[in-house]
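Colleague: Everything below, folded, please.
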Amino acid sequence: MANLASRVPLAIRRPGRLLSASRSLIPLVVAASLFACGAEPAPIRLGLAGPFEQSRGESMRLAAELAVREINDAGGIDGRPLELVVRDDGADAERAVPIAREFVDDPTVIAVVGHLTSGTTLAAASTYGGQTTPLPVISPSASSPQLTDAGPWVFRVCPTDLVHGARLAAFAVDRLRARRAAVLYINDPYGRGVRAVFANAFAERGGRIVTDDPYLDDLPSFAPYLERMRRLGGTDVVMLAGTRVGAERVLATLDSLGLAPAVVGGDGIAGIEAAGRVAEGVYVSTAYLPDRPGERNVAFLRAYRAATGDRVPDHRGAGAYDAIHLLARGLAAVGPDRARLRDWLAGVGTTTPAFDGVTGRIAFDTNGDVPDKDVVIGVVRGRRLVMVEGL
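Modeller: Numbering: from 1, shown residues only. Prediction:
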């Protein structure tokens, strides 16, 4: 055994110790012969799942690809390159489940970065964690509080809706001096979560919810909701807990009706700055903004813009970038083993150091959440989402 191990190249040995005795000798012999013949080492594969044909999934995919290139350019994981297995879930829970099963059933996939939305992540969670060979998954942006109970194989690097809703309510009352609010929320786990926390926190601060309406993105018109709001005496602020698609339509309808309340929204409307004039002055809570201070973020922003033709990442991209680099650190520490990697992730911030990413400090609690993560409030200025001054 010792003689055989001594002939295995360093690239497939863990520094300072031999590979676990529980591993078969056959893969070692095969790997050694491949290296002897000059063959490329087999890649370590990570799943990537999100709505990549939609604008909200683009930043996530581009940032994940950037992170993989950086890691591979630096030598990969013990000489083995990372490889992404990309699957588009369309932000559809019914599509997310078979994708999760495909990843779980593929022994070459060691972990997954995804899904982007709360609904898809919740739908797929039991598949990732409930099989005989479960698979660790890290979401960059699924913020529903329900995900806290999704099981020990599910992690996320973003704050929950509890943080977004409370921060938006405080901002509306303390900074915007709002006393009356209208709430429009998409009728899914994300929208309901942000809406509930905002409404409760706003009321606790002495505010009043004038109207509170659910919707789907294919709603024929938002005009009836907004006209009813006007009939009830108007509002100081409209809170949007939905997607960028719905938010753009709400803003256009407000403009056509001649209504001009302040507008705040959760991170689901990120990218609203691209809507142009009607989005000017809209406030958005988010886990990440490109003008976040810090050398690591400056370097990420520079690399992302260089790789994407001067595009700017959002919180989904920054979260995916952090998740890939975090997984790379874990793979370097424990090797491409699902169970060991899950246990390593569970210890980030306790048994192993916290990870300082472009989105901030990542330290998981026992539920795979990042309770120390906060959100920031951005405002649209000249088609850019920038930090609100004085916060």
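
Colleague: In the stretch 201-350 of the chain, mark out all the helices, start to finish.
Modeller: Secondary structure of the stretch 201-350 of the chain (DSSP state H, counting those that start in this stretch): helices at 223-231, 244-256, 295-308, 315-334, 338-346.

Colleague: Restricting to C-alpha, output the first one in CSV.
Modeller: Written as CSV, here are the backbone C-alpha positions of helix 223-231 (Å, rounded to 0.1, in the frame of the first residue of the first chain):
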residue,chain,number,x,y,z
ALA,A,223,-54.4,49.7,-12.9
PRO,A,224,-57.3,48.5,-10.8
TYR,A,225,-55.1,48.0,-7.8
LEU,A,226,-53.5,51.4,-8.1
GLU,A,227,-56.7,53.2,-8.8
ARG,A,228,-58.3,51.7,-5.7
MET,A,229,-55.2,52.8,-3.8
ARG,A,230,-55.9,56.4,-5.0
ARG,A,231,-59.6,56.2,-4.1
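
Colleague: which helices and strands does that helix pack with?
Modeller: Using 3 or more CB pairs under 8 Å, 6 or more residues apart in numbering; DSSP states H and E as the contact criterion, the elements in contact with helix 223-231 are strand 180-186, strand 208-215, helix 244-256. Every C-beta, even on glycine, is put in place using the N, C-alpha and C of the backbone.

Colleague: Now find how far off-centre that helix is within its chain.
Modeller: 34 Å (CA atoms, centre = their mean, to the nearest Å).

Colleague: Same question for the third one.
Modeller: If you compare the mean C-alpha spot of helix 295-308 with that of the full chain, they lie 18 Å apart, counting by CA atoms, centre = their mean.

Colleague: Output the below-cut-off pLDDT ranges for the chain.
Modeller: Filtered on pLDDT under 70, the chain yields the residue ranges 1-38, 390-391.

Colleague: and among the helices and strands packed on helix 223-231, the most buried is which?
Modeller: Looking across those with neighbours counted as mean count of other CB atoms under 10 Å, the highest average goes to strand 180-186: a mean of 25.

Colleague: Send me that one as CSV with only the CA atoms.
Modeller: This file holds the C-alpha atoms of strand 180-186, laid out as CSV (Å, rounded to 0.1, in the frame of the first residue of the first chain):
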residue,chain,number,x,y,z
ARG,A,180,-49.3,55.0,4.7
ALA,A,181,-48.1,52.1,2.5
ALA,A,182,-49.5,50.1,-0.4
VAL,A,183,-48.1,46.6,-0.8
LEU,A,184,-48.0,44.6,-4.1
TYR,A,185,-46.5,41.1,-3.8
ILE,A,186,-46.1,38.2,-6.1
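
Colleague: Would you mind pulling up the elements that it packs against?
Modeller: For strand 180-186, the helices and strands in contact under the criterion 3+ CB pairs under 8 Å, 6+ apart are helix 189-204, strand 208-215, helix 223-231, strand 237-241, helix 244-256.

Colleague: any idea where the helices of the stretch 51-200 of the chain begin and end?
Modeller: Counting by DSSP H, counting those that start in this stretch, the helices of the stretch 51-200 of the chain are 55-73, 93-105, 118-129, 161-170, 189-204.

Colleague: between these, which gets nearest to Arg80?
Modeller: helix 55-73 (9.3 Å; CB to CB).

Colleague: mind giving me the domain ranges of this structure?
Modeller: Domain assignment for the chain by automatic domain parsing gives 2-36, 44-158+292-373, 162-286.

Colleague: What's opposite the residue lying closest to Leu116 once chain neighbours are set aside in the beta bridge?
Modeller: Residue nearest to Leu116 in three dimensions, not counting chain neighbours: Gly50, with 3.9 Å by CB to CB, 6 or more residues apart in numbering. Here Gly50 shows beta-bridge partners Asp88, assigned using DSSP bridges.

Colleague: Against Val85, how distant is the nearest residue to Ala49 once chain neighbours are set aside?
Modeller: For Ala49, ignoring the flanking residues on the chain, the nearest one in space by CB to CB, 6+ apart is Gly114 at 3.2 Å. Here the criterion is CB to CB, to the nearest Å. By it, Gly114 lies 11 Å from Val85.

Colleague: which of these two has more neighbours?
Modeller: The neighbour comparison of Gly114 against Val85 (other CB atoms under 10 Å) goes to Gly114, with 33 against 17.

Colleague: Isn't that one up against Thr121?
Modeller: Yes - here Gly114 lies in contact with Thr121, judged by CB atoms under 8 Å, at a distance of 7.3 Å.

Colleague: Quick check: neighbours shared by those two?
Modeller: With contacts taken as CB atoms under 8 Å, 6 or more residues apart in numbering, Gly114 and Thr121 have Val137, Ser139 as neighbours in common.

Colleague: re the thing from before, and the helices of the stretch 51-200 of the chain: which comes nearest Thr366?
Modeller: That would be, of the helices of the stretch 51-200 of the chain and by CB to CB, helix 118-129, which comes in at 14.5 Å.

Colleague: Please consider this matter closed, and thank you.
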